[in-house]
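Asks: Structure for the following, please:
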Amino acid sequence: MSLSIEQLLQNLQISGLPTSGSSTKSHRQIDIHCPPGQSYEQHYGYRVNRQYMLYLGTKIETDPTAFHHPTSLARNWIKHTLQLPQFEFKYCIDPEHRELDDEVEAEDEGEENEFVILVLSVCSDEPASFNARPTPEQMSLLTNLLGSTPQWWVSYKNM
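Replies: All right, here's what the predicted structure looks like:
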């Protein structure tokens, strides 16, 4: 039986992650290897389904008098709740051209078409970013919430 969004959000809030006063640096980081260098930065993270992120943003309680873009609200809430050192939207290339309803093909003069997607990056191949990667517990919660597995993605022109 799958959990509802409300149950997943509640599980994130009571997950037993370190308190905001403690450091996640003392905790074990995910065991991944940095990929060989490319022309552009590479990001480890999750392909974003914008419709899902919009829906998730509607489930987060916030000040009703303040304006929040739902996808940014969802990203910021997840980052804060899981105490992730980094969790950013990045435009990346999907070499397999797996379509969702919100991707675009980008074409520059003289270049092949690139299938550009939005990724929620938890770290990149840059040394400072790679050394601040999340814990296995944080990644497990993210994977359950986002419903996909993380992987390495090549940045679209470092965007």
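Asks: how many neighbours does Arg28 have?
Replies: For Arg28, the count of nearby residues is 9 (other C-beta atoms under 10 Å). C-beta here means a position set from N, CA and C on the backbone, and glycine is covered the same way.
Asks: Trp152 now?
Replies: Considering only other C-beta under 10 Å, Trp152 is surrounded by 18 other residues.
Asks: Show the average pLDDT along the one helix or strand it maps to.
Replies: Using DSSP states H and E, Trp152 sits within strand 151-155. Mean pLDDT, strand 151-155: 96.
Asks: Give me the helices and strands touching it, please.
Replies: strand 42-47, strand 88-93, strand 114-124 (3 or more C-beta pairs under 8 Å, 6 or more residues apart in numbering; DSSP states H and E).
Asks: Reformat these into JSON lines and put mean pLDDT next to each item.
Replies: Converted to JSON lines, the helices and strands packed on strand 151-155 look like this (pLDDT from 0 to 100):
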{"stretch": "strand 42-47", "mean pLDDT": "97"}
{"stretch": "strand 88-93", "mean pLDDT": "95"}
{"stretch": "strand 114-124", "mean pLDDT": "94"}
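Asks: What about Tyr52? Give its phi and psi, please.
Replies: With angles defined as degrees, to the nearest 10, Tyr52 sits at phi -70, psi -40.
Asks: Many thanks, we can stop here.
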